[in-house]
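Chemist: Quick one: sequence and predicted model below, then my questions.
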Amino acid sequence: MAYRDEKLSEEKVFKDPVHRYIHIRDRVIWDLIGTSEFQRLRRIKQLGTTYLTFHGAEHSRFSHSLGVYEIVRRIIENFKGHPNWDEDERLVCLAAALLHDLGHGPFSHSFEKVFDLDHEDYTREIILGDTQVNKILRKVDPGFPQKVADVIHKTYSNKLVVSLISSQIDADRMDYLQRDAYFTGVSYGHFDMERILRVMRPMEEQVVIKESGMHAVEDYIMSRYQMYWQVYFHPVTRSAEVILTKILHRAKELYHSDFKFKLEPRHFKSFFEKKVSLEDYLKLDENVAFYYFHIWQEEDDAILSDLCRRFVDRDLYKYIEFNPGNQYRELMDLKECFIEAGIDPTYYLEVDSSSDLPYDFYRPGEEEERLPIHLMMPNGDFKELSRQSDIVEAISGKKRTDHKLYYAEDLIEQLPQDSELKQRILEILQG
């Protein structure tokens with residue numbers, strides 16, 4: 001029997017708090033899960049610094065990846081026998097679902113911003129490079145790694161396959177909304193996924209939804225909207241991200257100034273020098289990063305030491321509502337006051353902005369991900385979701401942005417009580 005068709009002697013299952021069970025029958029999938037590159041995802045949190053806000057949010061990219069695989073497995077099980085579904089695409093779908101987050105680094109997006117990296121590029125490199133994952137995929141077929149990479153990169157010829165993993169209603173979002181809601185303990189992320197899976201239909205270019213399932217999709221869209229503002233963009237989580245980002249910037253600055261670290265930042269060296277090999281990238285996970293943060297608390301540089309202590313002990317920055325467009329002058333005044341007070345504004349003052357577009361219809365020239373969700377009407381016609389749903393129409397195309405100013409309140413409090421400078425800083429912060 002060809003490797004691509006090989007089944008395990010008995011089905012393997014992972015007990016899962018969201019989907020109850022993750023079912024594995026394909027030898028290829030089982031072997032991919034056992035690779036060092038996939039196991040590394042156990043050491044990358046799904047929600048970065050969110051655990052400092054919601055203490056249950058300790059789940060990993062590993063569990064999320066298994067969840068996305070399981071949803072795709074269920075979807076294509078339902079597609080069996082449908083004229084628009086090619087069963088030959090089954091394995092590439094499952095592999096892409098499982099491996100779609102393979103390239104995430106520690107603390108994901110904060111890490112990427114500091115070092116100007118893109119986890120999708122590393123996902124592609126792991127799949128196509130000299131890795132255990134690549135060896136397994138090539139056993140299926142020499143061109144199979146490229147197919148999997150193309151699905152994740154959204155360049156695969158079969159757009160229906162791409163839409164299962166990356167669209168406005170895909171397996172990735174359906175898993176992370178429910179999983180993140182479960183582990184953060186909030187109710188916003190829950191929606192009737194079983195209903196959505198039952199009313200999904202494969203078309204040539206993308207999945208569509210039977211009109212009778214519209215209300216379940218409305219619930220899904222609103223759940224995504226609420227999760228972004230109540231969980232993903234939570235101001236306390238963003239405070240922790242600001243401090244994390246400052247730690248990495250400070251360590252990078254010290255490295256380039258020939259600072260003598262007590263513990264040489266060996267695992268960060270290639271990142272500081274912008275010469276990151278795939279091997280270097282895979283060696284750095286959150287366990288390693290946390291080790292450095294603990295050790296750096298003892299470094300001779302007062303700023304690096306302080307920032308690491310804040311992050312490790314959850315001594316986060318305070319924040320206020322702030323509009324950088326309208327309050328630019330106040331921000332400049334605040335920076336000047338900080339400098340005069342001996343507080344470095346580069347590390348102890350930061351404006352952070354978050355924005356989200358919960359749903360959009362197609363706008364020519366914009367990113368492909370904005371392909372709308374289509375409803376299949378009883379007469380066989382297709383209608384874009386917001387044309388039928390008043391709820392979705394109300395939020396379509398509306399980008400919401402939130403700005404916060406983060407600052408080290410304790411450093412301000414340490415200034416002399418009768419200091420005019422302290423009063424000036426407080427006046428600006430209090431508006």
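Modeler: Sure, I can see it. Residues are numbered from 1 along each chain as shown.

Chemist: Helix or strand: which one has the nearest residue to residue 341 once chain neighbours are set aside?
Modeler: Nearest in space to residue 341, with sequence neighbours left out and distances taken as C-beta to C-beta, 6 or more residues apart in numbering, is residue 421 at 5.4 Å. C-beta coordinates here come from the backbone N, C-alpha and C atoms, glycine included. Residue 421 is located in helix 420-429, with elements delineated by DSSP states H and E.

Chemist: Do me a favour and average the pLDDT over that helix.
Modeler: Averaged across helix 420-429, pLDDT comes to 92.

Chemist: could you say what helices and strands it packs with?
Modeler: Judged by 3 or more C-beta pairs under 8 Å, 6 or more residues apart in numbering; DSSP states H and E, helix 420-429 is in contact with helix 328-340, helix 409-413.

Chemist: quick revisit: enumerate every residue touching the residue nearest to residue 341.
Modeler: The contact partners of residue 421, taken as C-beta atoms under 8 Å, 6 or more residues apart in numbering, are 337, 340, 341, 415.

Chemist: Mind putting the residues you listed into TSV with distance to residue 157?
Modeler: TSV is the format used below for the contacts of residue 421 (distance: C-beta to C-beta, whole Å):
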residue	distance to residue 157
337	58
340	61
341	60
415	63
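
Chemist: Out of the residues you listed, give me the one that has the most neighbours.
Modeler: When those are compared by neighbour count (other C-beta atoms under 10 Å), residue 337 ends up highest, at 22 neighbours.

Chemist: who are the neighbours in contact with that one?
Modeler: 421, 424, 425, 428.

Chemist: Which one (most neighbours) among these?
Modeler: Highest neighbour count within the contacts of residue 337, by other C-beta under 10 Å: residue 425, with 22 neighbours.

Chemist: That residue and residue 345, how far apart?
Modeler: Using C-beta to C-beta, to the nearest Å, residue 425 is found at 11 Å from residue 345.

Chemist: joint contacts of the two?
Modeler: Common contacts of residue 425 and residue 345, defined by C-beta under 8 Å, 6+ apart, comprise 334, 338.

Chemist: Longest strand in the chain, please.
Modeler: The strand spanning the most residues in the chain, taking DSSP state E as the definition, is strand 7-16.

Chemist: Tell me which residues of it come out buried.
Modeler: Using 16 or more other C-beta atoms under 10 Å as the test for burial, strand 7-16 gives residue 14.

Chemist: Partner strands of it and their direction?
Modeler: On the basis of DSSP bridges, the sheet neighbours of strand 7-16 come out as strand 20-26 (antiparallel).

Chemist: other SSEs contacting the next helix or strand after the strand it pairs with?
Modeler: Reading on from strand 20-26 to the C-terminus, the next helix or strand found by DSSP H and E is helix 27-33. Using 3+ C-beta pairs under 8 Å, 6+ apart, the elements in contact with helix 27-33 are strand 7-16, helix 90-99, helix 132-140.

Chemist: Give the rounded mean pLDDT of the second one.
Modeler: Helix 90-99 comes out with an average pLDDT of 98.

Chemist: Then the last one?
Modeler: Helix 132-140 comes out with an average pLDDT of 98.

Chemist: Now do that helix: everything it contacts.
Modeler: Defining contact as C-beta under 8 Å, 6+ apart, one finds that helix 132-140 is touched by 3-4, 28, 31-32, 35-38, 91, 95, 99, 102, 126-128, 144-145, 148.

Chemist: again with the first one
Modeler: The contact list for strand 7-16 (C-beta under 8 Å, 6+ apart) reads 21, 22, 23, 24, 25, 26, 27, 30, 63, 66, 67, 70.

Chemist: now do 7 Å
Modeler: By C-beta atoms under 7 Å, 6 or more residues apart in numbering, the list of residues contacting strand 7-16 from outside reads 21, 22, 23, 24, 25, 26, 27, 30, 66, 67.

Chemist: show me what contacts residue 289?
Modeler: Contacts of residue 289 were listed using C-beta under 7 Å, 6+ apart, and they are residue 106.

Chemist: Surely it is in a helix?
Modeler: Yes. Assessed by DSSP: H, G, I helix; E, B strand; the rest coil, residue 289 belongs to a helix.

Chemist: I'd say residue 415 and residue 422 touch.
Modeler: Yes. Residue 415 lies in contact with residue 422 (C-beta atoms under 7 Å); the separation is 4.0 Å.

Chemist: pLDDT weak spots in the protein?
Modeler: Low-confidence segments of the chain (pLDDT under 70): 361-370.

Chemist: Tell me where the longest helix sits in it.
Modeler: Longest helix in the chain, counting residues (DSSP state H): helix 235-256.

Chemist: so residue 405 bridges to which residues?
Modeler: Each beta-bridge partner of residue 405 is listed here, defined by DSSP bridges: residue 320, residue 351.

Chemist: Go ahead and confirm it touches residue 320.
Modeler: Yes. Here residue 405 reaches residue 320: they are 5.3 Å apart, a contact under C-beta under 7 Å.

Chemist: quick one: which of those two has more around it?
Modeler: When residue 405 is set against residue 320 and neighbours are counted by other C-beta under 10 Å, the residue ahead is residue 405, at 22 against 14.

Chemist: who's in contact with the more buried one?
Modeler: 319, 320, 322, 351 are the contacts of residue 405 under C-beta under 7 Å, 6+ apart.

Chemist: who touches the residue lying closest to residue 47 once chain neighbours are set aside in this structure?
Modeler: Across the structure, with C-beta to C-beta, 6+ apart as the measure, the residue nearest residue 47 apart from its sequence neighbours is residue 57 (4.7 Å). For residue 57, the residues meeting the contact criterion (C-beta under 7 Å, 6+ apart) are 47, 50, 51, 183, 184.
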